[in-house]
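Enquirer: for reference, the sequence and a predicted model appear below.
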Amino acid sequence: MSFNLAFYFSFFVVLGLIGIALLGVAGAKLYVVFGVVIPYLSVVIFFAGMIYRVFKWASSPVPFKIPTTCGQQKSLPWIKYSRLESPFTTFDVVLRMLLEVLFFRSLFRNVRVEIRKGGPKVIYWSNKWLWLGAILFHYSFLIVLIRHLRFFTTPVWSFVRLIESVDGFLQVTLPGLYISGIVLLVATVALLLRRVFVPTLRYISLTSDYFPLFLIIGIALTGIIMRYIYKVDIVSVKELTMGLVTFHPKIPEGIGSIFYVHLFLVSVLFAYFPFSKLVHMAGVFLSPTRNMPNNNRAVRHINPWNPPVEVHTYEEWEEEFKDKIKAVGLPLEKEE
Amino acid sequence: MAESEFCPEKDELIRSIDYRPPDKPWMETKPVFKKGTYCFAAREKHLAYLGFPNPREWEVGAEDWQLPENWKEIFIAGMEDRLKRFRSFRLFMDICVRCGACADKCHFFIGGGDPKNMPVLRAELLRSIYRRYFTWPGKILGKLVGARDLDYDVLKEIFYYAFQCTECRRCSVFCPYGIDTCEITMMARELLVSLGCHVAWTIEPVANCQRTGNHLGIMPHAFKETFDFLTDDIYDVTGIKIETPINQKGADILFVAPSGDYFGTEGTYTCEGYLILFEYLRRKYGLTYTWSAYAGEGGNFGMFTSNEAQKRLSAKIYAEAKRLGVKWIIGGECGHMWRDKHQYMDTMNGPADFLEEPVNPITGTKFENAKSTKMIHICEFTADLIRHGKLDLDPSRNDHLIVTFHDSCNPARAMGLFEEPRYIIRNVCNNFYEMPENTIREKTFCCSGGAGVGSDEFMEMRMRGGICRANAVKYVHDKYGVNRLLCICAIDRATLAAMMEYWVPEVDVGGIHELVANALVFPGEKSRDTDLRGLPLKKPIKGREEGEMEE
Ligand code: SF4
Ligand code: SF4
């Protein structure tokens, strides 16, 4: 797939989605469709899809215990083993997974290598940019999500308020600026630029890599626009969202179209999620190279389909070579 | 030796490294089967002996691979079957985000620049097929979502890159989801062998091992004679007479080593090391052990072929341990052998309930970590002996050697054996220097000839893949005068030797137990001024004089 096709296709699809929402709401006045039907549908697709995916993975067994060990095994009592890099117990595995999921530990390890001509010279450098980008992206996304709980709870849960106030401590705009929104936008753009400008990365990137990035940029932008520029009526928005969570959907008058665009893009993201690489969010927990203990020789792992195979038995072996075995005086089972 | 029709000379090779990907998208480029970058085809007789599908004489470079008529269906059905049997496979097909963190972690990409040697793209070759035949978006949208049809060229491409992966797992260390391209390569190779498409350097050893009990096809009489030859050699150098028990019933321990150790040039010294160590333990502590000519292979090239082939070969070891009535098993210095024995053996062939939980009778140490498989690594065993002061060692006997240690991929990333070998080295040798941190332990670089591609006709790729390792060796050579590269893998001892000859000729290669034997003060040994290899010692050894009899 050529870069141009993958990149522009994704870009225009997202533009198209924005167009559809605008037409649908500002033009055709399909408020119920965009405000109620599509959001419900997307949430259903999201949950059904994710359950399907996880079920599908889980339905394939794990025939072998194949942790990737990145540290000392547990062997002799006087050798200290690495709990995190070569977990032996379930507790160790949980620790390893926590660090992986919460702090992207493997990504943190990143060491770039390159060979320079002359010598040849091999250069290593620790590269944490991808890790930083990924951390900022995921955590700002998480905070933004939590902040949005404000629209779905009355009274607003206190931890949501807390996060809001921390996130908005920079009171430079009115309404107060949320750092997470800006960070999300910047990190997503950075990830996108990386894809475009690192030649090898550009070479491996597919439509399915650009599309979610554009989509999230679209979501972040519309969110920012409606908060700081074309402000929408927050009270009405909350009326709508509360209607959705309490299953008494209603469409209040006078919410700006930009809100519906935002909501539509979010819905698309939700519906797209289970059918894309974004499922890594759930998949990471199932990865057998990370979520299994390195206690292979101590605790036997069962393979449910372990089939019998044809083994060349000792008897067959002795039968075939018995003269030779005898000639050099090695013992035989069957002496004649 | 490395420079040949299969490998350009150094300067040319370095000049050709180019990290710029081609302009054409990867789905539109085809592999070029250039000499030096692929292994020869598996032979008809070996495939036939094993009863594998589609045995025939064919060539990898040829246009026509003589595939079965319905090869596509076989491939797709095989994929479906494996998606159902391996969660790893299905998951790894789904969750890669193409972040590129693994891209420059593969030695073949680093040393060549072919973008399809980036682990992520190596996996995408198969993933694109997965999307096309097993996912809805792929079925409907095709190329747009990175899906493509399986055709002849695609199959050849999968073959080409499945055999440019040494299943070393280095990429897996750096992937945020632990995606292990080795696992994907294994699946690809299983699928390929179901069409009779595999490489000679793997299938021949599998066939040999199935029949004779070792990869090299050594028959029992020659097996015995090999050991006679080695013990004669030891006697000439050290004056120690060694007993080599083979197929002996009732010994305490069954010892299994890779055949490369008793038959490969660099390996034999390691094997002499085992022989001397066990002789020492027999005389001093009455420990009895035995080799087996039937289960004479620690390595397992079946692992590079298919699960089935792997199990066929490894099953012999437990069967033989049972027949001989030993208590437990020790395995020698071999890399992939230990992935097989550590991660697969018990699951495939266990439970080994006819064996005892391993306890070192000399030190009383219980090897709790091997209480189920009953198989311990010789380095665990020796480290334990040294720790308890059971070996009389004089490390100054290795003073002529300045050593560094190469972690082999499998003991490193599929077992976590890091400290045991280092502990031994420090106790048998006074000059040990580590290579730079980014090239050792879990970040170690493959010898580039593992996973059944260590053949001469693959030399260019091996030398390319070897640049990082060689460079690190050169660094410690220049800085500390390192002249011996130690490793605990029989394939390494062969492939690293060629790599050193090409990149750092001042450094030779050897195993750890060779150094253990060098350092071991053996009652009754004779005076001498060389080590096992005949290299001059710094300080001659005073023992009994020539002509005096060993008691
Ligand atoms: S590091 Fe893992 S997720 Fe990232 S491109 Fe490589 S295989 Fe895919
Ligand atoms: S397993 Fe090793 S050889 Fe294979 S892709 Fe990963 S790094 Fe490269």
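Expert: That came through fine. Ligands and ions are numbered 1, 2, ... in the order given.
Enquirer: which residues are contacting stretch B:285-294?
Expert: A:314, A:317-318, A:325, A:330, B:213, B:220, B:223-224, B:227, B:244-257, B:278, B:281-282, B:316, B:320, B:324, B:326, B:330, B:361-362, B:390 (CB atoms under 8 Å, 6 or more residues apart in numbering or on different chains). Just so you know, the C-beta spots here come from the backbone N, C-alpha and C atoms, and that holds for glycine as well.
Enquirer: whichever of those end up buried, select them in ChimeraX.
Expert: For anyone working in ChimeraX, the buried entries among those, judged by 16 or more other CB atoms under 10 Å in any protein chain shown, can be selected with:
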select /A:314,317,318,325,330 /B:213,220,223,224,227,244,245,246,247,248,251,252,253,254,255,256,257,278,281,282,316,320,324,326,330,362,390
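Enquirer: just the ones of the contacts of stretch B:285-294 in strands?
Expert: Assigned to strands by DSSP state E, the following of the contacts of stretch B:285-294 qualify: B:Ile253, B:Leu254, B:Phe255, B:Val256, B:Ile330.
Enquirer: chain B against ligand 1: which residues are in contact?
Expert: By the rule CB under 6 Å from any ligand atom, the part of chain B lying against ligand 1 is B:96-102, B:119-120, B:175-177, B:179.
Enquirer: pick out whichever of the ones in strands among the contacts of stretch B:285-294 sits closest to A:Phe91.
Expert: Minimum separation from A:Phe91 among these (CB to CB) is found for B:Ile330, which lies at 30.5 Å.
Enquirer: contacting residues around the residue nearest to B:Arg323 when sequence neighbours are not counted?
Expert: By the measure of CB to CB, 6 or more residues apart in numbering or on different chains, the closest residue to B:Arg323 outside its immediate chain neighbours is A:Tyr314, 5.7 Å from it. By CB under 8 Å, 6+ apart, the contact list for A:Tyr314 reads A:Glu333, B:Tyr294, B:Lys316, B:Ala319, B:Glu320, B:Arg323.
Enquirer: the second one: neighbouring residues, count only.
Expert: For B:Tyr294, the tally of surrounding residues (other CB atoms under 10 Å in any protein chain shown) stands at 27.
Enquirer: can I assume it sits in a strand?
Expert: No: the assignment for B:Tyr294 (DSSP: H, G, I helix; E, B strand; the rest coil) gives coil, which keeps it out of a strand.
Enquirer: show me the shaky parts of chain B.
Expert: By pLDDT under 70, the weakly predicted segments of chain B are B:1-3, B:546-551.
Enquirer: do a quick rundown of the strands in it.
Expert: Counting by DSSP E, chain B has strands at residues B:253-256, B:289-290, B:328-331, B:375-377, B:403-406, B:484-487, B:508-511, B:528-530, B:536-541.
Enquirer: list the contacts of A:Arg300.
Expert: For A:Arg300, the set of contacting residues under the criterion of CB under 8 Å, 6+ apart consists of B:Asp346, B:Thr347, B:Gly350, B:Pro351, B:Ser372, B:Thr373.
Enquirer: swap in B:Cys409?
Expert: Shown in contact with B:Cys409 (CB under 8 Å, 6+ apart): B:Thr166, B:Glu167, B:Cys168, B:Arg169, B:Arg170, B:Gly335, B:His336, B:Thr444, B:Cys446, B:Cys447, B:Gly450.
Enquirer: if we use 7 Å, what do you get?
Expert: B:Cys168, B:Arg169, B:Gly335, B:Thr444, B:Cys446, B:Gly450 (CB atoms under 7 Å, 6 or more residues apart in numbering or on different chains).
Enquirer: if we can go back for a sec, among the ones in strands among the contacts of stretch B:285-294, which one sits closest to ligand 1?
Expert: Each of the ones in strands among the contacts of stretch B:285-294 was checked against ligand 1 using CB to the nearest ligand atom; the closest is B:Val256, at 34.4 Å.
Enquirer: mind checking which of the strands of chain B is nearest ligand 2?
Expert: Comparison of the strands of chain B against ligand 2 by CB to the nearest ligand atom identifies strand B:403-406 as nearest, at 15.2 Å.
Enquirer: now the nearest residue to B:Asp399 once chain neighbours are set aside: how far from B:Gly511?
Expert: Closest residue to B:Asp399 in three dimensions, ignoring its sequence neighbours and counting by CB to CB, 6+ apart: B:Lys538, at 4.2 Å. Taking CB to CB, to the nearest Å as the measure, B:Lys538 and B:Gly511 are separated by 21 Å.
Enquirer: A:Leu145 too?
Expert: 55 Å.
Enquirer: between those two, tell me which one has more neighbours.
Expert: Between A:Leu145 and B:Gly511, counting by other CB under 10 Å, B:Gly511 is the more crowded of the two (31 against 10).
Enquirer: report the contact partners of residue 68.
Expert: Reading this off chain A. When contacts are counted by CB under 7 Å, 6+ apart, A:Thr68 is found next to A:Thr289, B:Arg169, B:Ser172, B:Val173, B:Gly178, B:Asp180, B:Arg413.
Enquirer: that answer is for a different chain, and I need it for chain B
Expert: B:Pro68 makes contact with B:Asn54, B:Ile74, B:Leu195, according to CB under 7 Å, 6+ apart.
Enquirer: name the element the residue in the stretch 151-300 of chain A that ligand 2 sits nearest to belongs to?
Expert: When scored by CB to the nearest ligand atom, the stretch 151-300 of chain A has A:Thr289 as its residue closest to ligand 2, at 11.5 Å. Secondary structure from DSSP states H and E places A:Thr289 outside every helix and strand.
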